[in-house]
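Enquirer: mind folding the following:
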Amino acid sequence: MKKAGSILLLVLAFLIIYFLQANFFTWFTIAGVKPNLFVIYLLFIGLFAGKKLGLILGVLFGVYLDIVIGRQIGISGIMLGIIGLLGEYLDKNFSKESRITIMLMIAGSTVIYEVGCYIFNIIALGTSVEILAFIKILLIEVIYNILIAIVIYSLIQRLGHALEEVFKTKNILTRYF
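Expert: Just a heads-up that it's a prediction; the model follows:
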């Protein structure tokens with residue numbers, strides 16, 4: 001029951017983040033570039049809830065985003081699923097308690113997501129390759145995501161530990177004879 005309620009809250013949080021991304025951050029761009037809150041959110045889910053939920057929600061949220069705002073269905077789903085899986089890998093190898101580590105995880109995840117989407121768009125849609133413009137946009141987006149993560153770091157930690165208690169605790173009943 002706790003897991004179902006937590007998943008429902010994660011979906012509700014996704015809708016709030018979608019609203020912020022689509023409406024609020026269109027007013028606050030840096031050189032025309034918005035942050036990618038979905039990468040931060042899916043990394044958060046992967047880190048604190050595990051790879052299964054990170055992958056499933058990443059694919060579902062990504063397909064939803066592709067249907068609503070994308071040109072090609074599946075690219076965001078694949079890349080956000082990869083970010084969800086990456087969260088579990090980073091959780092096992094790095095500490096979530098360090099602010100600098102979280103910032104580096106977000107920067108790396110943003111780069112992986114954007115480079116993956118860019119390569120998929122080049123292959124699938126045949127878009128032209130403009131490396132310098134892409135690098136400029138990528139650097140601005142990475143910095144913007146890091147700044148947002150600095151602002152919401154304490155919220156990430158508190159909600160993350162609550163999410164971890166629901167999804168990563170092992171309830172093992174042992175019987176001694």
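
Enquirer: leaving out sequence neighbours, find the closest residue to residue 147.
Expert: Nearest residue to residue 147, sequence neighbours excluded (C-beta to C-beta, 6 or more residues apart in numbering): residue 35, at 7.9 Å. Quick note: C-beta positions are derived from backbone N, CA and C, even for glycine.

Enquirer: what about that neighbour, distance to residue 92?
Expert: According to C-beta to C-beta, to the nearest Å, residue 35 stands 27 Å off from residue 92.

Enquirer: between the two, which one's more packed in?
Expert: Neighbour totals were compared for residue 35 and residue 92, and residue 35 leads with 24 against 8 (other C-beta atoms under 10 Å).

Enquirer: list the contacts of the nearest residue to residue 96 once chain neighbours are set aside.
Expert: Excluding the flanking residues, the one nearest residue 96 by C-beta to C-beta, 6+ apart is residue 47, at 5.7 Å. When contacts are counted by C-beta atoms under 8 Å, 6 or more residues apart in numbering, residue 47 touches 87, 88, 90, 91, 96, 105, 160.

Enquirer: quick one on the thing from earlier: now do the contacts for the residue nearest to residue 147.
Expert: Residue 35 sits next to 21, 25, 141, 144, 145, 147, 148 when contact means C-beta under 8 Å, 6+ apart.
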